[in-house]
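A.B. asks: only the shape, not the letters, is given here:
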């Protein structure tokens, strides 16, 4: 079949949405399908690959290197009229995503959207809590204009249904356990971080930005450091808050953005993953840490709620319990034997997750939409034949 994926972000950009979309695209290709990728043109690009349609874009404020696509409904109608995909997946809710929805509706092509970002929570993180309701209404309008909205967890599906989102379908996620695995641990890298023999490396991996609640991670590490003075906090990633943190915390190690095997080596070389974010739809890094044999302290939602067992693989902290987060970081980080047991249990818990199954489920969902397209109403309606729980499993 022929599919199209529309996204505002894609590698070499490094973030959870970009990497998830790339994984879905590659999974469909591995299953023998033609996949056309629609994304914003980056500043250095003149043209894309044969299967790529690059459209006009502008820099995203406060995020150097990221760009947002501009409205392109007419251009998409032209492209899809010439070669119509059987189904379209729209991964992001920006201007390009809205254009893709309008073009798909105009042409009668079935479309699924992905709910990857909690923009309502971002409003709180950026000092505008009064806009939470507005953000939810905006997202509901966007996603309800599609035939299905894909989410990674049961918890998020239930939340969105309660907020009036229609046709919500769970598409579970997986992790590449061949890439992220404990044997990649590097003593040489740990020495470069300044970790002595028997020392503790707390690690954060992700965007270094306000919505990640990073000051809590700093406080949690300082509590750990009171027990283990030799501990070091290692940061992997980049973002608008990096300069401030480097200035205020000169003893931290900042490694910048890492990819592929290098990222896996950084993960496996840590001893405790601190993930204080409360605005994730999933949090792929939680699975990557568990696969790497690194106990994790995170809030009990998203990937942590779905996969991390409190007291067995790390700590799943009740939402908003910052004191509990700090106490867990100090307790687990300070106990070598406990961390070793949690590392083994966490790795074992996610060893059966397979990206190939996610690709098969995604393929089945899109092909199901394509088959029901002739009976699909012009806008809303229940068009996807799935189980009562409306999950792809």
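C.D. replies: Nice, I can see it. Worth saying up front: this structure is predicted, and the values here are computed from it rather than measured.
A.B. asks: quick check: chain neighbours aside, which residue is closest to residue 254?
C.D. replies: residue 235 (4.8 Å; C-beta to C-beta, 6 or more residues apart in numbering). Any C-beta I mention is one placed from the backbone N, CA and C, and that applies to glycine too.
A.B. asks: confirm that neighbour sits in a helix?
C.D. replies: No. Counting by DSSP: H, G, I helix; E, B strand; the rest coil, one finds residue 235 to be strand, located in no helix.
A.B. asks: number of nearby residues for it?
C.D. replies: Residue 235: 23 surrounding residues under other C-beta atoms under 10 Å.
A.B. asks: dump the residue contacts of it.
C.D. replies: For residue 235, the contact set (C-beta atoms under 8 Å, 6 or more residues apart in numbering) comprises 203, 204, 208, 242, 245, 252, 253, 254, 255.
A.B. asks: now the longest helix seen in the chain: average pLDDT?
C.D. replies: Longest helix in the chain, counting residues (DSSP state H): helix 355-372. Averaging the model's pLDDT scores along helix 355-372 yields 95.
A.B. asks: give me the buried positions along it.
C.D. replies: Under the neighbour-count criterion of 16 or more other C-beta atoms under 10 Å, helix 355-372 has 355, 358-363, 365-370 buried.
A.B. asks: how far is it from where the chain is centred?
C.D. replies: Put simply, helix 355-372 sits 20 Å off its chain's centre (C-alpha atoms, centre = their mean, to the nearest Å).
A.B. asks: show me what it is packed against.
C.D. replies: With contacts taken as 3 or more C-beta pairs under 8 Å, 6 or more residues apart in numbering; DSSP states H and E, helix 355-372 sits against helix 16-30, strand 87-90, strand 111-114, strand 148-151.
A.B. asks: quick one: it to helix 16-30, angle?
C.D. replies: Counting by axes from the mean of the first three to the mean of the last three C-alpha atoms, to 10 degrees, helix 355-372 lies at 80 degrees to helix 16-30.
A.B. asks: ok, now which ones touch residue 324?
C.D. replies: Contact partners of residue 324, counting by C-beta under 8 Å, 6+ apart, are 315, 317, 318.
A.B. asks: residue 256 and residue 246: what is the separation?
C.D. replies: Note on residue 256: its distance to residue 246, by C-beta to C-beta, to the nearest Å, is 11 Å.
A.B. asks: all the strands of the stretch 251-393 of the chain, in order from the start?
C.D. replies: Counting by DSSP state E, counting those that start in this stretch, the stretch 251-393 of the chain has strands at residues 253-254, 272-275, 296-299, 314-317.
A.B. asks: residue 335 is nearest to which of the helices and strands packed on helix 355-372?
C.D. replies: Closest approach to residue 335 among these (C-beta to C-beta): helix 16-30, 29.8 Å.
A.B. asks: could you list the low-pLDDT ranges of the protein?
C.D. replies: In the predicted model of the chain, residues 43, 45-48, 61-65, 119-128, 130-131, 373-393 satisfy pLDDT under 70.
A.B. asks: break it down into its domains, please.
C.D. replies: Taking automatic domain parsing as the domain assignment, the ranges for the chain are 2-174+355-375, 182-350.
A.B. asks: circling back to that earlier point, show me how to select, in PyMOL, the buried members of the contacts of residue 235.
C.D. replies: Here is the PyMOL command that selects only those of the contacts of residue 235 that count as buried (16+ other C-beta under 10 Å):
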select buried, resi 203+204+208+242+245+252+254+255
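A.B. asks: quick one: which of the contacts of residue 235 is nearest to residue 157?
C.D. replies: The closest of the contacts of residue 235 to residue 157 turns out to be residue 204 (C-beta to C-beta; 28.0 Å).
A.B. asks: wait, is the closest one part of a strand?
C.D. replies: Yes. Read with three-state DSSP, residue 204 is one of the residues of a strand.
A.B. asks: pretty sure it is touching residue 273, no?
C.D. replies: Yes. Counting by C-beta atoms under 8 Å, residue 204 touches residue 273, with 7.4 Å between them.
A.B. asks: ok so, going back, switch the contacts of residue 324 over to a markdown table; also include distance to residue 218 and neighbour count.
C.D. replies: Formatted as a markdown table, these follow (distance: C-beta to C-beta, whole Å; neighbours: other C-beta atoms under 10 Å):
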| residue | distance to residue 218 | neighbour count |
| --- | --- | --- |
| 315 | 17 | 25 |
| 317 | 16 | 24 |
| 318 | 20 | 11 |
